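Enquirer: take this sequence and fold it.
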Amino acid sequence: MDNIEQQQQQQEKLPGIWDYRVGVVIAEGAFGKVLYGKHKVTGKDVAIKVTDRFSCRKYPFLVRALRREQALLRQLGDCRYIVRLLSSFVDGEGVYIVLECCMGGTLEDAVRRQFNKTEDASSSSSRTTFVNGEEWSIRLAHYSHQILKGLYSIHSNGYIHADLKPSNILLTEQGEVRLADFGSALPIEGNEVVGAWRMTTTDYTSPELLRADVLKFPFPGNFDVTSLTIQRMIAMDVWSLGCLLWECLRGVSPFHAASDALAVDQIIEYAELTTTDMRKEWLLSKGTSSSVSDENWLAVVLDFLNPNPDQRLGGSRVAYVPQLDASSESRTINVVRALHSHVSKYEIWNEACLQGTDISLRPNHSPEWWLRQEKGFQMRDGATDRWDILME
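Expert: Residues are numbered from 1 along each chain as shown. This is a model prediction of the structure:
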């Protein structure tokens, strides 16, 4: 009996869902949900990513992805543009990842409000939820600058995000970016590319990843194979960033379609266009009229959506990365730094240019936006509720 009591006391000291008051669902994915919660002791608002036991058993790759996500979030804890991991634990019902709660919603929410151009009926001030084209362009430049900072941290640590999209870009109440959802992350130097598209979102997936020929392009002369491999892996995130930027400019992903199969067809169709002008005309036929009239943005998107990954980071020329005599870790960092210098060259999100802007980046809605999504909102105590019911 003493042993049983001792085990119970030890279990109570371990972190678990009983430490949180759990509320509404604030996001849903293919394999789980994100719940709003509040830590009972500190009163801190949190977001709890829940993956149920059934999904983990049905998809063994999901367990590996969750373990990698937790490890990578710990590894990236010092970067302010990565969502902060607060806790993680496993019980008989599933896997839980507790994250900082970003009260500004997602970049996807901001894009939807910008292009729907509706009044925020839930706001006591009844202010509009969209801004003029010039202000939206400045906001987008700030967001892009911070996304690149987050990507640099991920790439420097030897990974690519591999599922960059507006719904995975969180915004704080002050309008600062937090990159989230690392379940699809891939090591830069590894052999896990084949089949990786199954964990990505089709609309934002590069053509070489869909074709499983990321590393099958011929290697040009005077190139270090390892450096070029890193470049081609990072180029997949750059492609996704190009899709994300176009969605922010036009209100819809350039390759959005009624089904994944149709989206793949569109990506391959675009990738087979042989000139920049042809690809420009193809892109301009997609989405609504832009709230931003700026050829500089279009130039960036066309560079990032270059079907050839060897030209994607340097525009029309291949970014040359010389042979480096260094350890594997420092070698990766040096190559990443060289490649990001090309991605960060555009004046629209140059740090010096952004310092001259004076606008508020705060999202145009109340930070408690999700609490009004369900009438009669009432938090539930996860220590007594069955989580399989919550996740039906």
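
Enquirer: longest single helix anywhere in the protein?
Expert: Ranked by residue count and defined by DSSP state H, the top helix of the chain is helix 225-250.

Enquirer: what is the neighbour count of residue 250?
Expert: 21 (other C-beta atoms under 10 Å). Where you see a C-beta, it was placed from the backbone N, CA and C, and this is true even at glycine.

Enquirer: actually residue 282, sorry about that
Expert: By other C-beta under 10 Å, neighbour count at residue 282 equals 15.

Enquirer: buried stuff in the longest helix of the chain?
Expert: By neighbour count with 16 or more other C-beta atoms under 10 Å, helix 225-250 contains the buried residues 226-250.

Enquirer: could you do stretch 94-101 as well?
Expert: 94, 95, 96, 97, 98, 99, 100, 101.

Enquirer: out of the residues you listed, which two sit at the greatest distance?
Expert: Farthest pair in the buried residues of stretch 94-101 (C-beta to C-beta) is 94 and 100. Separation: 20.6 Å.

Enquirer: so where's this protein shaky on pLDDT?
Expert: Where the chain drops to pLDDT under 70, the residues are 1-13, 117-129, 190-198, 214-225, 287-293, 314-328, 364-392.

Enquirer: so which residues of it form strands?
Expert: For the chain, the strands defined by DSSP state E occupy 20-28, 33-39, 45-52, 85-91, 94-100, 159-160, 169-171, 177-179, 186-187, 380-381.

Enquirer: for those strands, which one sits closest to residue 335?
Expert: Counting by C-beta to C-beta, residue 335 lies closest to strand 159-160 out of the strands of the chain; the figure is 12.8 Å.

Enquirer: partners of the closest one, with directions?
Expert: Strand 159-160 sits in its sheet next to strand 186-187 (antiparallel), going by DSSP bridges.

Enquirer: how far off centre is the partner strand?
Expert: Strand 186-187 has its C-alpha centroid displaced from the chain centroid by 15 Å (C-alpha atoms, centre = their mean, to the nearest Å).

Enquirer: from here on, count from 38
Expert: Sounds good: first residue 38 from here, last item strand 223-224.

Enquirer: can I see the domain layout of this protein?
Expert: Per automatic domain parsing, the structural domains of the chain span 39-138+405-427, 144-391.

Enquirer: packed most tightly, which of those would that be?
Expert: domain 144-391 (a mean of 18; mean count of other C-beta atoms under 10 Å).

Enquirer: and of the strands of the chain, who's closest to residue 385?
Expert: Ranking the strands of the chain by proximity to residue 385 (C-beta to C-beta) places strand 214-216 first, at 15.9 Å.

Enquirer: hmm, who's touching the closest one?
Expert: With contact meaning C-beta atoms under 8 Å, 6 or more residues apart in numbering, strand 214-216 is reached by 118-121, 137, 139, 144, 180, 183-184, 187-188, 191, 198, 201, 205-209.

Enquirer: let's see it at 6 Å
Expert: Residues from elsewhere that reach strand 214-216, judged by C-beta atoms under 6 Å, 6 or more residues apart in numbering: 118, 119, 120, 139, 180, 183, 184, 187, 206, 207.

Enquirer: and of those, the nearest to residue 56?
Expert: For those, the nearest to residue 56 is residue 120 (19.2 Å; C-beta to C-beta).

Enquirer: I'd say that closest one and residue 213 touch.
Expert: No. Taking C-beta atoms under 6 Å as the definition, residue 120 is not a contact partner of residue 213, at 11.1 Å.

Enquirer: which neighbours do these two share?
Expert: If you check residue 120 and residue 213 against C-beta under 6 Å, 6+ apart, no residue is contacted by both.

Enquirer: on that earlier part again, other SSEs contacting the longest helix of the chain?
Expert: Contact partners of helix 262-287 among helices and strands, from 3 or more C-beta pairs under 6 Å, 6 or more residues apart in numbering; DSSP states H and E: helix 170-193, helix 332-341, helix 346-349, helix 365-380.

Enquirer: before we move on, back to that, turn the strands of the chain into a markdown table, columns for distance to residue 104.
Expert: Output for the strands of the chain, formatted as a markdown table (distance: least, C-beta to C-beta, whole Å):
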| stretch | distance to residue 104 |
| --- | --- |
| strand 57-65 | 21 |
| strand 70-76 | 18 |
| strand 82-89 | 11 |
| strand 122-128 | 10 |
| strand 131-137 | 9 |
| strand 196-197 | 14 |
| strand 206-208 | 22 |
| strand 214-216 | 19 |
| strand 223-224 | 13 |
| strand 417-418 | 28 |
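
Enquirer: what does stretch 92-107 contact?
Expert: Stretch 92-107 is contacted from outside by 68, 125, 132, 219, 220, using C-beta under 6 Å, 6+ apart.

Enquirer: which two from the residues you listed end up farthest apart in space?
Expert: Within these, two members stand farthest from each other by C-beta to C-beta: 68 and 125, at 15.8 Å.

Enquirer: ok now stretch 338-353, how far from the chain's centre?
Expert: The chain centroid and the centroid of stretch 338-353 are separated by 20 Å under C-alpha atoms, centre = their mean.

Enquirer: now swap in stretch 308-321 and tell me
Expert: On C-alpha atoms, centre = their mean, the centre of stretch 308-321 falls 26 Å from the chain's centre.

Enquirer: got the CA coordinates for that stretch in CSV?
Expert: Extracted in CSV, the C-alpha atoms of stretch 308-321 (Å, rounded to 0.1, in the frame of the first residue of the first chain):
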residue,chain,number,x,y,z
ALA,A,308,7.2,24.3,-63.2
GLU,A,309,7.2,23.4,-66.9
LEU,A,310,7.0,27.0,-68.0
THR,A,311,10.3,27.9,-69.5
THR,A,312,10.6,31.7,-69.1
THR,A,313,10.1,34.2,-66.3
ASP,A,314,7.5,36.1,-68.4
MET,A,315,5.4,33.0,-68.9
ARG,A,316,5.5,32.3,-65.1
LYS,A,317,4.6,35.9,-64.3
GLU,A,318,1.6,35.8,-66.6
TRP,A,319,0.5,32.5,-65.1
LEU,A,320,0.8,33.9,-61.5
LEU,A,321,-1.1,37.1,-62.4
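
Enquirer: thanks a lot, catch you later.
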